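Colleague: take this sequence and fold it.
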Amino acid sequence: MNNNQSSVTNFILLGFSLSQEIRLFLFIFFTVIYSLTISSNLLIITLVTTQRSLHKPMYFFIGNFSFLEIWYTSVTVPRMLNDLGTGNKTISPIGCISQFYFLFFLGATQHFLLTIMAYDRYLAICHPLHYTNIMSAPFCRKLASGSWLAGCLSISLPAVMMSKLVFCGPNTIDHFFCDFSPLLRLSCTDTWLNEIIFSVVAWIVILGCFFFTFLSYVAVVITILKIPSSLGRQKAFSTCVSHIAVVGIFFGTVIFMYIRPKAKNSSPVDKVVSVFYSVVVPLLNPMIYSLRNKEMKDALWSVLKKFRK
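Modeller: I've put the predicted structure just below:
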């Protein structure tokens with residue numbers, strides 16, 4: 001942050017302008033959600049790493065996804081809880097830019113991981129005879145590492161350019177975290193290049209990943225419909241329906257938020273949608289993606305039986 005050209009030493013996150021009683025309710029509500037999110041994802045990581053029955057490519061990626069979700073929700077929720085609980089809404093410019101970077105770095109990584117997970121299901125269902133050879137352990141590790149690296153690099157340029165903006169005031173951000181559009185509106189310098197670069201990155205990452213994920217699941221559904229056995233179709237669908245639900249929820253919200261004609265356009269609905277994809281969805285993901293899965297449930301029961309002995 002170029003503080004020599006900026007009179008702003010702190011930003012104020014307005015968050016939720018509500019009565020004290022409602023703020024207390026939200027504090028308790030979001031604390032419960034955050035606790036459940038962290039504990040459920042930790043449970044999934046523990047099961048995937050300790051249970052040999054889950055040492056498969058699909059669960060390897062699910063474990064990576066759970067690890068990512070812990071960090072993704074931790075970028076915004078603890079800060080929001082602090083605001084709701086203490087009323088301290090200030091954040092430093094460096095803290096704000098850092099939050100912006102990590103939120104979008106982890107968000108981009110989510111897109112890449114979801115695309116790889118869709119590709120994994122495509123190979124498992126559409127090309128089962130070649131699945132084991134293609135999805136070897138080294139290749140899975142490379143795919144997962146590539147997702148994290150791509151997410152890290154994709155948002156680097158927008159974050160660097162954001163850090164070079166000059167903020168002269170006002171310093172109030174009408175949000176509960178340092179999102180792109182609310183932060184951009186506070187700059188007293190020209191932001192057209194920031195908007196273009198961020199939009200290009202958003203379109204490539206979000207729509208590119210959505211396109212390949214969509215094609216993978218279309219191929220999966222077509223292959224499933226060709227299965228002659230109704231029991232076989234039901235088993236294949238049970239594996240993929242939850243995956244498609246997660247993809248639909250996540251991509252739907254981020255497309256609504258960031259695929260816009262102009263980055264500065266926003267509405268009060270944006271804050272509600274942001275709560276959904278940054279707080280609620282990370283809780284739904286482990287429940288929909290993993291804990292409803294039969295193999296995951298069997299692994300959990302196996303662990304519980306060992307503790308009972």
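Colleague: CA atoms for contacts and neighbours, from now on please.
Modeller: Will do.
Colleague: which helices and strands does the longest helix belonging to the chain pack with?
Modeller: As assigned by DSSP state H, the longest helix anywhere in the chain is helix 93-126. Helix 93-126 sits against helix 57-86, helix 128-134, helix 137-154, helix 156-163, helix 208-225, helix 230-258, with contacts defined as 3 or more CA pairs under 8 Å, 6 or more residues apart in numbering; DSSP states H and E.
Colleague: can we see that at 7 Å?
Modeller: helix 57-86, helix 137-154, helix 208-225 (3 or more CA pairs under 7 Å, 6 or more residues apart in numbering; DSSP states H and E).
Colleague: for that helix, buried residues please.
Modeller: Applying a neighbour-count criterion of 16 or more other CA atoms under 10 Å, the buried positions in helix 93-126 are 93-94, 96-97, 99-126.
Colleague: coming back round to it: for the helices and strands packed on helix 93-126, which one sits closest to residue 286?
Modeller: helix 57-86 (7.1 Å; CA to CA).
Colleague: partners of whichever helix or strand comes after the closest one in the sheet?
Modeller: Note on helix 57-86: by DSSP states H and E, the next helix or strand toward the C-terminus is strand 90-91. Using DSSP bridges, strand 90-91 pairs in its sheet with strand 11-13 (antiparallel).
Colleague: can you give me the pLDDT of the closest residue in space to residue 80 that isn't next to it in sequence?
Modeller: Of all residues not flanking residue 80 in the chain, residue 176 sits nearest, at 6.0 Å (CA to CA, 6 or more residues apart in numbering). pLDDT, residue 176: 87.
Colleague: pretty sure residue 176 is in a strand, no?
Modeller: No: judged by DSSP: H, G, I helix; E, B strand; the rest coil, residue 176 forms no part of a strand; its state is coil.
Colleague: was I right to think it contacts residue 13?
Modeller: Yes: Residue 176 lies in contact with residue 13 (CA atoms under 7 Å); the separation is 5.6 Å.
Colleague: would you list the phi and psi of residue 171?
Modeller: phi -120, psi 20 (degrees, to the nearest 10).
Colleague: show me the contacts for the closest residue to it other than its chain neighbours.
Modeller: Leaving aside its sequence neighbours, residue 171 sits nearest to residue 11 (CA to CA, 6+ apart; 4.9 Å). Counting by CA atoms under 7 Å, 6 or more residues apart in numbering, residue 11 touches 90-93, 171-173.
Colleague: make a PyMOL selection of the buried ones in the residues you listed.
Modeller: In PyMOL, this line selects whichever of the contacts of residue 11 come out buried by 16+ other CA under 10 Å:
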select buried, resi 90+91+93+171+172+173
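Colleague: could you pull up the mean pLDDT of the longest helix of the chain?
Modeller: On average, helix 93-126 scores 93.
Colleague: please find the angle between the direction vectors of it and helix 230-258.
Modeller: With axes from the mean of the first three to the mean of the last three CA atoms, to 10 degrees defining the directions, helix 93-126 sits at 160 degrees from helix 230-258.
Colleague: off-centre distance for helix 93-126?
Modeller: Taking the mean of its C-alpha atoms, helix 93-126 sits 6 Å from the chain's own mean (CA atoms, centre = their mean, to the nearest Å).
Colleague: now that helix against helix 137-154, angle please.
Modeller: 150 degrees.
Colleague: quick one: helix 93-126 to helix 57-86, angle?
Modeller: Using the same axes, to 10 degrees: helix 93-126 against helix 57-86 is 150 degrees.
Colleague: gap between the residue nearest to residue 80 and residue 274?
Modeller: Between residue 176 and residue 274 the computed distance is 9 Å (CA to CA, to the nearest Å).
Colleague: these two: who's more crowded?
Modeller: residue 176 (22 against 18; other CA atoms under 10 Å).
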